[in-house]
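J.: Output the structure for:
(chains A, B and C)
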Amino acid sequence: MPELPEVETVRRSLLPRVVGRTIVAVTVAERRLRRPIQPDFERRLAGQRIDAIDRRAKYLLFALSRGDWLLAHLGMSGSLIVRATASPSVLHDHVRLRLDDDNELVLNDPRRFGLLKVGAAARAADWPELRVLGPDPLDSTLTSEQVGALLRGSKRAIKNLLIDQTALGGVGNIYANEALFRARIRPTRRTGRVRKAEVAPLLDALRAVLEEAIDLGGSSISDYRDGDGRPGYFQLRLQVYNREGEPCPACGASIRRVVQSGRSSFYCPKCQI
DNA sequence: AACAAGACCTGCATGC
DNA sequence: TGCATGCAGGTCTTGT
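T.: Next up is the predicted model:
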């Protein structure tokens, strides 16, 4: 489900409802997520106040009052929702953090590809999960020269590189396809065949598509919801993703779908070279 | 050693 | 209606 814009939307929706609240009780109904939930997870979280929520790529980091962090990833189908403790639990509610205001923060994740982990890294970047991540494309210090160097160091198809989290952190399949459409680059093009003059526009396209998606609350393709249960609306603006056979919004040619490394790519055969 | 392929899960749409 | 198939926003492991 969630790429960078969806995760950022979840972060923003949780801020006013969760920051400053103390976790008073922890219930784990299902420990088998992407990694098993730690044995001391409940004991360790109980009693800590949530002081901040940060995001790194597709991960959320909850800063806790005793110096711990709660690391969260939503996988393909996860959602973090705040709701009244009294409300009935739903299928696939795996973890519930009861807060001191009669609300609870719930991880619901049908496919169980998500991750929750508590740890005491001195800095957020010390997490092993985060250390391997490439730069966030929205990081204003990232330059097109750095992206150019990334492209030169690889022989892969450009879309595969864009969604590689060790190259760039936070870009997933939807927004990689959309950014490549805007930059008029075919997803299958080898990185070495991207001209120097195309690199800055590609980074601009990535940033624009991610920022526009955040402004619209992300894309709700099937069931994505933010922490208040609200859907996003960026899917209405998707120009190629999931639009095989439909006319290109720029030229009218029929949008094509190809499979790259097991994932669908969508592009306009006329606009994208 | 850089890639790609397959695995991990459940749910949904499609087609027979 | 029921069943089989394929596909899905992600990452991790395995193999070439």
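J.: can we go C-alpha only for contacts and neighbour counts from here?
T.: Noted.
J.: Could you measure from the closest residue to DNA strand C within the stretch 101-250 of chain A over to A:Pro137?
T.: DNA strand C sits closest to A:Gly172 of the stretch 101-250 of chain A, with a gap of 3.0 Å, by CA to the nearest atom of the strand. Plainly put, A:Gly172 is 12 Å away from A:Pro137 if you go by CA to CA, to the nearest Å.
J.: and the stretch 51-200 of chain A, which of its residues are near DNA strand B?
T.: When proximity is defined as CA under 7 Å from any atom of the strand, the stretch 51-200 of chain A approaches DNA strand B at A:Leu91, A:Pro110, A:Arg111, A:Arg112, A:Phe113, A:Gly153, A:Ser154, A:Lys155, A:Arg156, A:Ala157, A:Asn160.
J.: least confident pick among those residues?
T.: The lowest pLDDT within those belongs to A:Gly153, with 91.
J.: burial of that one, as a residue count?
T.: Residues contacting A:Gly153 under the criterion other CA atoms under 10 Å number 11.
J.: repeat for A:Glu145
T.: Under the neighbour criterion other CA under 10 Å, A:Glu145 is assigned a count of 12.
J.: so how far is the longest helix along chain A off the chain centroid?
T.: Looking across chain A with DSSP state H, the single longest helix is helix A:196-215. On the basis of CA atoms, centre = their mean, to the nearest Å, helix A:196-215 is displaced by 16 Å from the centre of the chain it belongs to.
J.: So which elements touch that helix?
T.: The contact analysis (3 or more CA pairs under 8 Å, 6 or more residues apart in numbering; DSSP states H and E) places helix A:196-215 against helix A:4-18, helix A:144-152, helix A:173-182.
J.: which of these sits most buried?
T.: helix A:173-182 (a mean of 24; mean count of other CA atoms under 10 Å).
J.: Max pairwise distance over the residues of the stretch 51-200 of chain A next to DNA strand B: which two?
T.: Pairwise distances across these (CA to CA) peak at 45.2 Å, for the pair A:Leu91 and A:Gly153.
J.: in chain A, what spans have low per-residue confidence?
T.: For chain A, residues meeting the criterion pLDDT under 70 lie at A:1.
J.: Would you confirm that A:Val24 belongs to a helix?
T.: No. A:Val24: not assigned to a helix; according to DSSP: H, G, I helix; E, B strand; the rest coil it is strand.
J.: if we can go back for a sec, after the longest helix of chain A comes which helix or strand?
T.: Towards the C-terminus, the helix or strand next in line after helix A:196-215, according to DSSP states H and E, is strand A:256-260.
J.: And the contacts of that next one?
T.: Strand A:256-260 is contacted from outside by A:Asn160, A:Thr188, A:Arg243, A:Glu244, A:Gly245, A:Ser264, A:Ser265, A:Phe266, A:Tyr267, A:Cys268, A:Pro269, using CA atoms under 8 Å, 6 or more residues apart in numbering.
J.: I only care about these that end up buried; give me the PyMOL line for that.
T.: Per 16 or more other CA atoms under 10 Å, the buried members of the contacts of strand A:256-260 correspond to this PyMOL selection:
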select buried, chain A and resi 160+188+243+244+265+266+267+268+269
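J.: a markdown table for the contacts of strand A:256-260, including distance to A:Ser13 and secondary structure?
T.: Supplementary listing: the contacts of strand A:256-260 in a markdown table, determined by distance: CA to CA, whole Å; DSSP: H, G, I helix; E, B strand; the rest coil:
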| residue | distance to A:Ser13 | secondary structure |
| --- | --- | --- |
| A:Asn160 | 31 | helix |
| A:Thr188 | 36 | coil |
| A:Arg243 | 29 | coil |
| A:Glu244 | 33 | coil |
| A:Gly245 | 36 | coil |
| A:Ser264 | 30 | strand |
| A:Ser265 | 30 | strand |
| A:Phe266 | 31 | strand |
| A:Tyr267 | 32 | strand |
| A:Cys268 | 35 | coil |
| A:Pro269 | 38 | coil |
